[in-house]
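Enquirer: okay, here's the prediction I keep looking at, along with the sequence it came from:
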Amino acid sequence: MTTTVGAPTTYDLGPARALSCRECGHQIPLAPEFACAECFGPLEVAYSFGRIRRADIEAGPKSIWRYRDLLPVPSDVDSHPNTQPGLTRLVKADRLAAALGVKSLWVKDDTGNPTHSFKDRVVAVALAAARQLGFRVLACPSTGNLANATAAAAARAGWESVVLIPSSLERAKILTTAVYDGALIAVEGNYDDVNRLATELAAEHEDWAFVNVNVRPYYAEGSKTLAYEIAEQLGWRVPDQVVVPIASGAQLTKVDKGFRELGELGLVEQTPYRVFGAQATGCSPVSAAYKAGHDVVQPVRPDTIARSLAIGAPADGPYVLDVVNRTKGAIEDVSDEEVVEGIRLLARTEGIFTETAGGVTVATAKKLIETGKLDPEAETVLLITGDGLKTLDAIENHVGPRATVPPTTAAVHKALGF
Ligand SMILES: Cc1ncc(COP(=O)(O)O)c(C=O)c1O
Ligand SMILES: [Zn+2]
């Protein structure tokens, strides 16, 4: 790419054909834009897909790039240095299923990504698109995981990064971002303040790609790969039910978009599926709107240990409500105590250690089952989107050694109650 940002040009973004307004449907050519000029609604990528075969996908790279013909990226995307996220394991969770009283349960374990959360997927797509669109710096406002993923992806690509975080973020998430040596700026404010600041900076710095702000239409598409992988790993089948944590809500809407595309392209049978959303009660604006039957989301001031999900004014809130209502799912929220119990339940039944966001998903699934909203007979997938090592403070006062003993067998036996 030799063009400058904003110059009229055609971009090589694979099957992506246009940007389409999610509110009024107005379409514009592919461009570094994120808001509709007609109504200020958010723009989304529209495609014209070629013929896509399962066998070609299966023979592709062992990363999200096996789905490159379904993403807004050039076909040679993997020839540029990138973190190669995706193709994380889908775990048959029989012991968790038994504990929850459901028949068939899977855990999509996205802790296995390069920086240990699903954010590596969206950032990899954003970087690939940003390169084509002529940006030079990778940036983001973040609740933590996106900070990790952006700083790491920029380091690997040899790009500069500017990452903005609330200064109150978990220590682990600060250090695991700072280590990549980009420009990490801690902002005195909550995520919604940081997000507003990023929008202002994006307007001033033409060559900064704020992945989830001015490159958001492209970035968000990366979450479709969760749906593609789940379907492929189930043997090209869409599950009956899926439970997804909600912060901005982008992930949930794109998991739905991914399942729909697979059906429309004939890669899976078009079977019905239900999408469920999970929030922490201390930041549950989408859950509150769902329960009240509203189609708009009233912003809240977050107060929860699930800081990765602490977005009080979620950009995709109304679209989440659309998806959940259309697919006959539901949204539920859980207390911080339930979040910790969710983390511990997944750990002790499946040997998977998730961060607070995963605790929200597990605890919400439990509540949805107990209240009869989630069908215990139907095949269910839980999205476990981040790693517990980044939120150790959440469990610090809840788990620890059973005893501290001198190095003798007698002392160990005594501690074990023999
Ligand atoms: C671990 C984890 N899971 C889920 C989410 C929710 O993502 P979204 O903003 O797309 O709803 C986030 C967002 O930061 C996250 O960090
Ligand atoms: Zn519009």
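Expert: Structure received. Ligands and ions are numbered 1, 2, ... in the order given.

Enquirer: please parse the chain into its domains.
Expert: 16-51+119-219, 90-116+223-394 (automatic domain parsing).

Enquirer: the longest one: end-to-end distance?
Expert: Looking back up the chat, that one is domain 90-116+223-394. Terminal residues of domain 90-116+223-394 lie 25 Å apart, using CA to CA, to the nearest Å.

Enquirer: quick one: the domains of the chain as CSV, columns for mean pLDDT, distance to residue 69 and mean neighbour count too.
Expert: From N, CA and C alone the C-beta is placed, and that goes for glycine too. Below are the domains of the chain laid out as CSV (pLDDT from 0 to 100; distance: least, CB to CB, whole Å; neighbours: other CB atoms under 10 Å):
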stretch, mean pLDDT, distance to residue 69, mean neighbour count
domain 16-51+119-219, 97, 7, 21
domain 90-116+223-394, 98, 10, 21
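
Enquirer: switch those over to TSV; also include distance to ligand 2.
Expert: Listed next are these as TSV, based on distance: least, CB to the ion, whole Å:
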stretch	distance to ligand 2
domain 16-51+119-219	3
domain 90-116+223-394	14
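
Enquirer: can I get those in CSV including distance to ligand 1?
Expert: Shown next, in CSV, are the domains of the chain (distance: least, CB to the nearest ligand atom, whole Å):
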stretch, distance to ligand 1
domain 16-51+119-219, 4
domain 90-116+223-394, 3
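
Enquirer: as CSV, the ones you listed with distance to residue 402 would be great.
Expert: Formatted as CSV, the domains of the chain follow (distance: least, CB to CB, whole Å):
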stretch, distance to residue 402
domain 16-51+119-219, 25
domain 90-116+223-394, 14
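
Enquirer: among these, which comes closest to residue 60?
Expert: Residue 60 sits nearest to domain 90-116+223-394 of all those, at 10.5 Å, using CB to CB.

Enquirer: gap between the closest one and the chain center?
Expert: Here domain 90-116+223-394 is found 10 Å from its chain centre; the criterion is CA atoms, centre = their mean, to the nearest Å.

Enquirer: could you do stretch 72-87 as well?
Expert: 18 Å.

Enquirer: picking that back up, ok, which of the domains of the chain comes nearest residue 58?
Expert: domain 90-116+223-394 (7.5 Å).

Enquirer: all strands for the stretch 301-418 of the chain, in order.
Expert: 331-334, 380-384 (DSSP state E, counting those that start in this stretch).

Enquirer: got it, and the chain?
Expert: 16-21, 27-29, 43-47, 90-92, 105-109, 137-141, 160-166, 183-187, 208-210, 241-245, 274-280, 331-334, 380-384 (DSSP state E).

Enquirer: would you list those strands in CSV and tack on distance to residue 359?
Expert: CSV is the format used below for the strands of the chain (distance: least, CB to CB, whole Å):
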stretch, distance to residue 359
strand 16-21, 35
strand 27-29, 40
strand 43-47, 30
strand 90-92, 17
strand 105-109, 13
strand 137-141, 23
strand 160-166, 20
strand 183-187, 25
strand 208-210, 28
strand 241-245, 9
strand 274-280, 9
strand 331-334, 8
strand 380-384, 9
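
Enquirer: of those, which is nearest residue 410?
Expert: strand 90-92 (39.3 Å).

Enquirer: what's next to the closest one, contact-wise?
Expert: Strand 90-92 is contacted from outside by 105-109, 229-230, 233-234, 350, 352, 381, using CB atoms under 8 Å, 6 or more residues apart in numbering.

Enquirer: now swap in stretch 390-407 and tell me
Expert: In contact with stretch 390-407 (CB under 8 Å, 6+ apart) are residues 116-117, 144-145, 148, 170-173, 176, 305, 307-308, 339-340, 343-344, 355-356, 359, 388, 411-412, 414-416.

Enquirer: break down the stretch 1-150 of the chain into its helices, ranges please.
Expert: In the stretch 1-150 of the chain, the helices defined using DSSP state H, counting those that start in this stretch lie at 54-58, 94-100, 119-133, 145-157.
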